[in-house]
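1. Sequence first, then the predicted structure:
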Amino acid sequence: MNLPIIDDSNEPALSPDVIPVGCAVTVRVPASSANLGPGYDSLGLALAHYDDLTVTRTESGLTFEVTGEGADQVPQDASHQVVKAMQTAWKAVGLLELPGLHIKAHNRIPHSRGMGSSASAIVAGVTAANGLLPEELRLDDDAVLQICSGMEGHPDNVAPSLYGQLVVSYGEDGGWHCLPIAAHERVLPVVAIPDYEVPTKIARGLIPETVPHREAAINSGRAALLTQAISTYPDFLLPATSDLLHQPYRAVAMKPSAALVSALRGQGYAAVISGAGPTVMVLANGKEERVSVLDAIERLTGTPGISKYESSPISWRVLPVDIDTEGVMLTHEE
């Protein structure tokens, strides 16, 4: 679709005064896990692990209060991902000048770990910007999806953060499309988050330009099976999460995580690399299995090959998380 970007046209730009001083919104946006084994760049799952953002229109300037994950690392100026996302959304409706803003953020989604922190920031910024606009100027849901996906480069993380649940995404006719699918109540994720990072650019660079046709065909079948396993038949989660397309090639950049996935799958658990890694996610089939998964991870993360990264000890943070069913939530503050 063609977004209404008007800065290169003769249309008059909107004044920042269309957003009254004192107007404020709060956004809660879920983390996401993409790929899910065979669903490379097409499947994503929303996780009930959230970043919170409050944006207030001020007289002038740009000020921040940032706490939580990465608080001492993220920029606190116009290069902040949330601010860039807000500017992109406003540009689409003709608001080209950044109004005065105070941004208060509490981040729980770890950065560079494969849980969609970048996508969540984009979704939070675009949603906040849209919510601050007068109702007659707001972007529709499809425009929001296009903007978020365009900034991220693909929709597999932004779509679940926008809509919740399991989301199948695809590109067609120059735009992005997605289909949210309700997950079965027995599908209960567990994430094991290591304290080392693997930048997405490095992980993506390890994927070869071509793969054997046989492996692509196998992955295609497993990805189709996975949509049914998560939505309707969780007994098939283990075979449905088998992957030949990206995880084997990326293993060299995250050996402890790859070893943990292999060990868990060897014990019958549906373990995958979350997104581009290095977080490991297990899709447990029911509450009893989730307890067993937590016990297995506790044992395995103390074993050689999983407890160290490049000779340095690794600390693993293990969290049982639910599947988010609502997607991003916006509240207008009084």
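-> Perfect, thanks for sending it.
2. For the lengthiest strand in the chain, which helices and strands make contact with it?
-> Looking across the chain with DSSP state E, the single longest strand is strand 39-58. If contacts are counted by 3 or more C-beta pairs under 8 Å, 6 or more residues apart in numbering; DSSP states H and E, strand 39-58 sits against strand 24-35, helix 81-93, strand 100-107, helix 117-132, helix 158-163, strand 166-172, strand 187-194, helix 213-231. For every residue, glycine as well, the C-beta is placed using N, CA and C.
3. In JSON lines, list those along with distance to residue 203 and mean pLDDT.
-> Formatted as JSON lines, the helices and strands packed on strand 39-58 follow (distance: least, C-beta to C-beta, whole Å; pLDDT from 0 to 100):
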{"stretch": "strand 24-35", "distance to residue 203": "10", "mean pLDDT": "98"}
{"stretch": "helix 81-93", "distance to residue 203": "19", "mean pLDDT": "97"}
{"stretch": "strand 100-107", "distance to residue 203": "21", "mean pLDDT": "97"}
{"stretch": "helix 117-132", "distance to residue 203": "13", "mean pLDDT": "98"}
{"stretch": "helix 158-163", "distance to residue 203": "18", "mean pLDDT": "98"}
{"stretch": "strand 166-172", "distance to residue 203": "19", "mean pLDDT": "96"}
{"stretch": "strand 187-194", "distance to residue 203": "14", "mean pLDDT": "98"}
{"stretch": "helix 213-231", "distance to residue 203": "17", "mean pLDDT": "96"}
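4. would TSV of these with mean neighbour count be doable?
-> Below are the helices and strands packed on strand 39-58 laid out as TSV (neighbours: other C-beta atoms under 10 Å):
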stretch	mean neighbour count
strand 24-35	25
helix 81-93	22
strand 100-107	19
helix 117-132	27
helix 158-163	30
strand 166-172	18
strand 187-194	23
helix 213-231	17
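5. related to what we said a few turns ago, now the longest strand of the chain: buried residues?
-> 39-47, 49-58 (16 or more other C-beta atoms under 10 Å).
6. now do stretch 173-184
-> Quick answer for stretch 173-184 (16+ other C-beta under 10 Å): 176-178, 180-181, 183-184.
7. how about the helices and strands packed on strand 39-58, which one is nearest residue 309?
-> strand 187-194 (7.1 Å; C-beta to C-beta).
8. any idea how far the helix or strand just after the closest one is from the chain center?
-> Next in sequence after strand 187-194, counting helices and strands by DSSP states H and E, comes helix 200-205. Chain-centre distance of helix 200-205: 16 Å, with C-alpha atoms, centre = their mean, to the nearest Å.
9. Kindly provide the whole-number mean pLDDT of helix 200-205.
-> For helix 200-205, the mean per-residue pLDDT is 84.
10. What does the pLDDT read for the residue nearest to residue 216 when sequence neighbours are not counted?
-> Nearest residue to residue 216 in three dimensions, chain neighbours excluded: residue 245, at 7.1 Å (C-beta to C-beta, 6 or more residues apart in numbering). On the pLDDT scale, residue 245 is placed at 94.
11. any chance you could map the strands in the stretch 201-334 of the chain?
-> 271-273, 280-285, 308-309, 312-313, 316-320, 329-333 (DSSP state E, counting those that start in this stretch).
12. returning to what we had before: run a quick neighbour tally on the residue nearest to residue 216.
-> 22 (other C-beta atoms under 10 Å).
13. now do residue 319
-> 13.
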